[in-house]
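Visitor: Predicted model and sequence below, questions to follow.
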Amino acid sequence: MAAACARTLGKVGWCLLESPGARRSGTVSYLLGKGNANGSRRAFGTGGTGVRSKLLSSVRGGGGKVLGCAFLLGGGLGLYRTAAFSVQQHLAEEEEETTVSGGGLKLTLYQYKTCPFCSKVRAFLDYYGLPYQIVEVNPVMRQEIKWSAYRKVPILMVNGDVQLNDSSVIISALRTYSINKEKSMSEIVRSYPEVKFVNERGKEVTEYNNKYWLMLSEDETEMIYPEKGMQKEEMKWREWADSWLVHLISPNVYRTTGEALASFDYIVREGKFGTFEGFFAKYVGAAAMFFISKRLKSRHNLQDDVRQDLYKAVNDWVAAVGKQRRFMGGDHPNLADLAVFGVLRVMEGLQAFDDMMDNTKVEHWYRRMERATLNHQGRN
């Protein structure tokens with residue numbers, strides 16, 4: 001969430017400054033909510049008229065450039081604080097030993113804290129009790145991963161020389177390594193070849209073959225999946241978490257202007273912003289993501305009330321787990337459990353999370369997953 005927000009602040013700011021339309025009220029009026037696809041004339045605000053009236057007056061007074069500067073300033077100030085906080089966190093964690101007990105692996109995770117894909121990886125590492133070092137990546141400049149041709153997160157570095165990209169590849173490769181003692185991590189990674197193609201929007205996309213497969217022998221597969229259909233079920237729901245569930249997060253946490261502000265209030269608190277910096281990061285970022293969430297809703301064909309899509313998805317998951325199992329993996333979480341838990345966890349503390357708990361049947365499963373990851377139950 002925070003990654004997309006920060007990049008958007010910069011892009012929107014430059015767009016406002018460079019576009020000829022920024023000198024006219026039309027472009028800025030659209031950004032302020034005066035001309036969306038449904039003809040709505042709701043302007044974003046804080047519930048009071050002070051901030052909204054100041055923004056509108058700046059627009060009417062030829063304030064396209066002013067608003068553009070506000071976006072850039074807000075993004076810049078926010079990123080400065082994020083970078084400073086990340087450096088402090090990085091230095092503190094460097095002091096910890098990061099070698100996996102018995103496995104001989106040194107793991108470094110490059111992430112955005114509120115990214116659901118990164119949260120999936122952390123859920124896996126925590127459940128299996130694998131020590132790892134975190135490097136928080138600046139979501140706009142991404143200087144922390146400038147050494148990598150792959151410019152997204154999560155990235156997991158293994159022993160400083162093997163790079164794992166894509167959350168599902170990371171999880172599959174590490175799980176394979178923990179079971180198959182005959183292959184090195186370098187050999188395992190070659191089983192997940194990179195494929196590049198241009199999607200329907202004309203954007204080059206990188207995907208990975210086999211990313212939901214564990215590269216095991218027949219005997220090892222039977223040991224991990226003793227019952228017929230267990231492997232296919234796990235793979236199906238891991239793919240579902242990536243291709244559907246994750247796309248419900250942003251439209252729900254930025255569903256309304258109030259929820260967008262609450263989400264950015266959370267982001268500001270996590271980043272330890274000062275009062276002035278937090279104001280720009282919160283209000284300008286919330287406005288940008290409110291409009292982006294509407295575009296995402298249209299792209300993924302969600303209902304007008306996106307909560308209903310979230311509720312249905314979560315209840316579908318609970319129904320798939322069933323009443324007879326503690327987890328989809330049975331008595332212990334499998335990789336699908338960890339993936340779904342990791343995605344849903346990024347909404348904790350927000351209204352969307354509370355609504356999900358109140359209006360679905362997910363709570364008992366979710367609390368069991370919390371305990372399992374907190375206590376590193378997969379270590380045994």
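Guide: Yes, it's here. Residues are numbered from 1 along each chain as shown.

Visitor: lowest-confidence helix or strand of the protein?
Guide: When each helix and strand of the chain is scored by mean pLDDT, DSSP states H and E, helix 25-31 comes last, with a mean of 32.

Visitor: For stretch 206-216, which residues meet the burial criterion?
Guide: Within stretch 206-216, the residues that count as buried by 16 or more other Cβ atoms under 10 Å are 208, 211-212, 214-216. All C-beta atoms are positioned from the backbone trio N, CA, C, and that covers glycine.

Visitor: Residue 315: neighbour count?
Guide: Neighbours of residue 315 under the rule other Cβ atoms under 10 Å: 15.

Visitor: How about residue 228?
Guide: By other Cβ under 10 Å, 8 other residues sit near residue 228.

Visitor: if we can go back for a sec, return the member of the buried residues of stretch 206-216 nearest to residue 362.
Guide: residue 212 (22.4 Å; Cβ to Cβ).

Visitor: how about the closest one, what does it touch?
Guide: 168, 172, 234-235, 238-239 (Cβ atoms under 8 Å, 6 or more residues apart in numbering).

Visitor: Please repeat the previous calculation with a cut-off of 6 Å.
Guide: Going by Cβ atoms under 6 Å, 6 or more residues apart in numbering, residue 212 touches 235, 238-239.

Visitor: buried ones in stretch 359-379?
Guide: For stretch 359-379, by 16+ other Cβ under 10 Å, it's 360, 362, 365-366, 368-369, 372-373, 377-378.

Visitor: Low-confidence regions, the stretch 201-350 of the chain specifically.
Guide: 266-286 (pLDDT under 70).

Visitor: Okay, helices next: where are they in it?
Guide: For the stretch 201-350 of the chain, the helices defined by DSSP state H, counting those that start in this stretch cover 218-224, 230-243, 249-253, 257-271, 275-299, 306-321, 335-345.

Visitor: that older thread, make CSV out of the contacts of residue 212 and add distance to residue 141.
Guide: Listed next are these as CSV, based on distance: Cβ to Cβ, whole Å:
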residue, distance to residue 141
235, 36
238, 32
239, 32
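
Visitor: Quickly name whichever of these is closest to residue 133.
Guide: residue 238 (25.3 Å).

Visitor: Just the buried positions in stretch 322-341, please.
Guide: Under the neighbour-count criterion of 16+ other Cβ under 10 Å, stretch 322-341 has 326-329, 333-341 buried.

Visitor: Ok, stretch 107-115 next?
Guide: The neighbour-count check on stretch 107-115 (16+ other Cβ under 10 Å) flags 107-115 as buried.

Visitor: Point out the ones among those residues that are inside strands.
Guide: Among the buried residues of stretch 107-115, the members found in strands (DSSP state E) are 107-111.

Visitor: For residue 185, state which of these is nearest.
Guide: Taking those together and measuring to residue 185 by Cβ to Cβ, the closest member is residue 107, at 10.5 Å.

Visitor: Kindly provide the distance from the closest one to residue 224.
Guide: Relative to residue 224, residue 107 is positioned 21 Å away (Cβ to Cβ, to the nearest Å).

Visitor: again, but for residue 288
Guide: Between residue 288 and residue 224 the distance is 44 Å, computed by Cβ to Cβ.

Visitor: Same check on residue 153?
Guide: Relative to residue 224, and taking Cβ to Cβ, residue 153 is found at 28 Å.

Visitor: Surely residue 151 is within a strand?
Guide: No - assignment of residue 151 by DSSP: H, G, I helix; E, B strand; the rest coil gives coil, placing it outside any strand.
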